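Enquirer: What follows is a predicted protein model with its sequence.
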Amino acid sequence: METSLATDAQKTAISCKALASRYEALIRLAEVIQSKPEEEDLFETLVSELHQVVPFDGISQLDSGANRVRWQFLEPYKEKIEAMRAVSAIPRDETAAWWVYRNQQPIMVRVGDGGTRFPQAVSRLAKIGLRSLYALPLSTAHRQLGSLTFASHLEDAYSTEDQRFLSLVADKIALAMDDARAHQRLRLLLDITNRMVTKLELRDLLREIVASIRQCMQCDKVGVALPDPEDGELRRYVSDHAGCEEMSVGSVPERSRIVFRTGKPLIATREELAAEFEGAIGLNSLCVYPLIMRERVLGVFGLESSRENAFTKDDLTFLGQVADQIAIAVENALAYGQISELKDKLAQENVYLESEIRSELHFDDIVGNSELLRRVLREVETVAPAGSTVLIYGETGTGKELIARAVHNLSSRQSNPFVRLNCAAIPRDLIESELFGHEKGAFTGAIIQRVGRFELANRGTIFLDEIGDIPLELQPKLLRVLQEREFERLGSSRTLRTDARLIAATNRDLKTMVEEQRFRSDLYYRLNVFPIRVPALRERKEDIPLLVRHFVQEFSRRNNRVIDTIPSETMQALVRYQWPGNIRELQNVIERAVIISQGPVLLVALPELTSDVSSISAPVVTTAKSAPRESLQEILEETERNQILRALEEANGVVAGPNGAAARLGVKRTTLQLKMQKLGIRISRTAVDDHKQTAP
């Protein structure tokens, strides 16, 4: 009795020890599976780890996405190569693994039993020497992943306790497989997003995406079809096919066109595909998703597989997420292509318009056709490519900055900055900081570091207007920049270099300033490498009509006016005037005239321009003695008087009314009467007839 109790206690202790050992092995197996989450590696991990706690001679796994059952055999069964190949070649539908997966129930099979439901599998396993099988499903609460089968040479190898333990093992393996698949799919979605950010060329982007999807989904072909931009017909854009190169662009099946038209996903089975794809060997499952973005179908995304029912409900949810990502990629790429196309078109139009608005001398913003101006522009064309320092002479308002810009635009530096500085507009204490910059704390008020104009103009052009106003004490530093290309910021001992081309301008006589020791001679000779003299407006009177029309059009557009008539008397008066302020003065006069003109005729405020040509300073270059000059007041009063008399003549002496002289001149009746009173014009046939006889 006591011996029997002792034996039972020993058996219980051994059983408990074995059970504890198994659960320790199960925990270790879970840790190993977590350390190798890749689904492809799980089967090899199971073979090595489970053999230590579960007795088997062969083990197989059925993946829900596979066509066959994978077997692994231990020694000495590995030596029976032909028999092993025969077992692996058993059709999936005739295996216990497939039955368990379809029915989601474990099954115990004894090879020696008669009437088994898997005769071919049992027969081939018996030839190897295996006597029993235990197969159980691999599934989680929301997903069926396949099945796992253990085979042994023993007839009753797996007891009830073994089966409970193997059930726990299957649950752990299923969770690991589920995590691995979720991790792989999440990584695929993240990879698609990253590719969308880094690639803008649509075809290259989609090639990489469909290749990744095919590997993840373990299907035979994945493709994307988009409508042809010319005829709108849906055509294959990219595809990835197992075991061959990418298929060429071509037409797509009718089912894909249906999805494109309806915007609804489609799943096709083997029977449905057989009727449509006659001769299509191995095509048993098809899944097509529309690529929808902002309620617009951009194309379709399809997967083909040789497996039946290859796409589960879980797969369909995931593929819907993939389709959304692809739709975003397609829309972004198409938008980028449209922006690039519009940008190129705009650039072409811009080049065309620039070529249209240039004058025959190919200079922007420079209006005129006189011989003096042509000479200046020929000099610009000569010096622009050379890179030399240019000194531009001319009276104030002659357009010296436009000439400087023309030199820059025709040089090799045209794509780099054109930096300008008016030396007369900057206080003497700040001009050095403007030119060369300063460090923080260099002087009172220098709270931050400042970059100077020479540093900004590196590789470009710096234009110093009114160069004659640069202080004498600053001129050596400017000379150093011209000769050595070096300078220091205020408050810094670090030497900086610049490759800026200098163009200077002045309305002063620098040579006289050198003689009076108000300008350094060495700086003068360094600046005067290539002098260009811009003529005064009175020296090129033939350009005045062109300038007047140009300014009238410009200011009319700005002020929403329609002025299409410039009286000949007004134009003659403007040409005869000497314009001491040159083009700038002419521009201001025309702008004011456009503002006060109420009708289509340009009215210049003649009596209010009282400048006298006798007060004009002598030009830079002396000219031959000219005839006595009339004052602008006299010229403009005469011109205005002739305009009023001509309007009265055309109106038969009538001032008011729709056909009166005031309406013809575009002014109010009271305004015209005041002007007539000021000019001494009385309404009489004699005054009108006198004008009629003297009019040109």
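Expert: Okay, I see it.

Enquirer: okay, how far is it across stretch 427-445, tip to tip?
Expert: In stretch 427-445, first residue to last residue: 15 Å (Cα to Cα, to the nearest Å).

Enquirer: what about that stretch, average pLDDT?
Expert: Averaging pLDDT along stretch 427-445 yields 85.

Enquirer: residues in contact with it?
Expert: 421, 423, 426, 446-455, 470-471, 474, 477-478, 481, 487-492 (Cβ atoms under 8 Å, 6 or more residues apart in numbering). Backbone N, C-alpha and C define where each C-beta goes, glycine included.

Enquirer: buried residues in that stretch?
Expert: I431, E432, S433, E434, L435, F436, G437, H438, E439, A442 (16 or more other Cβ atoms under 10 Å).

Enquirer: Over to stretch 85-95?
Expert: A86, V87, I90, T95.

Enquirer: And stretch 526-533, by the same measure?
Expert: So, applying 16+ other Cβ under 10 Å, buried residues of stretch 526-533: R526, L527, N528, F530, I532, R533.

Enquirer: Stretch 478-487 too?
Expert: So, applying 16+ other Cβ under 10 Å, buried residues of stretch 478-487: L478, L479, V481, L482, F487.

Enquirer: same check, this time on stretch 667-684
Expert: V667, L672, Q673, K675, M676, I681.

Enquirer: Over to stretch 302-318?
Expert: For stretch 302-318, by 16+ other Cβ under 10 Å, it's G302, L303, E304, S305, S306, R307, A310, F311, D314, D315, F318.

Enquirer: how distant is it from the center of its chain?
Expert: Relative to the mean C-alpha coordinate of its chain, stretch 302-318 is positioned 37 Å out (Cα atoms, centre = their mean, to the nearest Å).

Enquirer: Only C-alpha atoms, please: export that stretch in PDB.
Expert: This file holds the C-alpha atoms of stretch 302-318, laid out as PDB (Å, rounded to 0.1, in the frame of the first residue of the first chain):
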ATOM      1  CA  GLY A 302      -5.800  45.500 -59.300                       C
ATOM      2  CA  LEU A 303      -4.400  42.200 -58.000                       C
ATOM      3  CA  GLU A 304      -4.400  38.800 -59.600                       C
ATOM      4  CA  SER A 305      -3.600  35.400 -58.000                       C
ATOM      5  CA  SER A 306      -3.500  31.800 -59.100                       C
ATOM      6  CA  ARG A 307      -5.000  30.800 -55.700                       C
ATOM      7  CA  GLU A 308      -8.800  30.400 -55.300                       C
ATOM      8  CA  ASN A 309     -10.400  32.800 -52.800                       C
ATOM      9  CA  ALA A 310      -7.000  34.400 -52.400                       C
ATOM     10  CA  PHE A 311      -8.400  37.700 -50.900                       C
ATOM     11  CA  THR A 312     -10.000  37.500 -47.400                       C
ATOM     12  CA  LYS A 313     -12.200  40.100 -45.800                       C
ATOM     13  CA  ASP A 314      -9.200  41.300 -43.900                       C
ATOM     14  CA  ASP A 315      -7.200  41.600 -47.100                       C
ATOM     15  CA  LEU A 316     -10.000  43.700 -48.700                       C
ATOM     16  CA  THR A 317      -9.900  46.200 -45.800                       C
ATOM     17  CA  PHE A 318      -6.100  46.500 -46.100                       C
END
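
Enquirer: what's in contact with that stretch?
Expert: 64-67, 142-144, 185, 213-214, 217, 219-225, 252, 256, 265, 267, 269-270, 282-289, 319.

Enquirer: got it, and stretch 192-199?
Expert: With contacts defined as Cβ under 8 Å, 6+ apart, stretch 192-199 is touched by L205, E208, I209, S212, V322, Q325, I326, I328, A329, N332.

Enquirer: How about stretch 539-547?
Expert: Contacts of stretch 539-547 (Cβ under 8 Å, 6+ apart): 367-370, 372-373, 537, 571, 574-575, 583, 586, 619, 623.

Enquirer: got the CA coordinates for it in PDB?
Expert: Output of stretch 539-547 as PDB, limited to C-alpha atoms (Å, rounded to 0.1, in the frame of the first residue of the first chain):
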ATOM      1  CA  GLU A 539      20.000 116.900 -77.300                       C
ATOM      2  CA  ARG A 540      17.700 114.200 -78.700                       C
ATOM      3  CA  LYS A 541      14.500 116.000 -79.300                       C
ATOM      4  CA  GLU A 542      13.400 113.400 -81.900                       C
ATOM      5  CA  ASP A 543      12.900 111.000 -79.000                       C
ATOM      6  CA  ILE A 544      10.400 113.300 -77.200                       C
ATOM      7  CA  PRO A 545       7.300 112.200 -79.100                       C
ATOM      8  CA  LEU A 546       8.100 108.500 -78.500                       C
ATOM      9  CA  LEU A 547       8.600 109.200 -74.800                       C
END
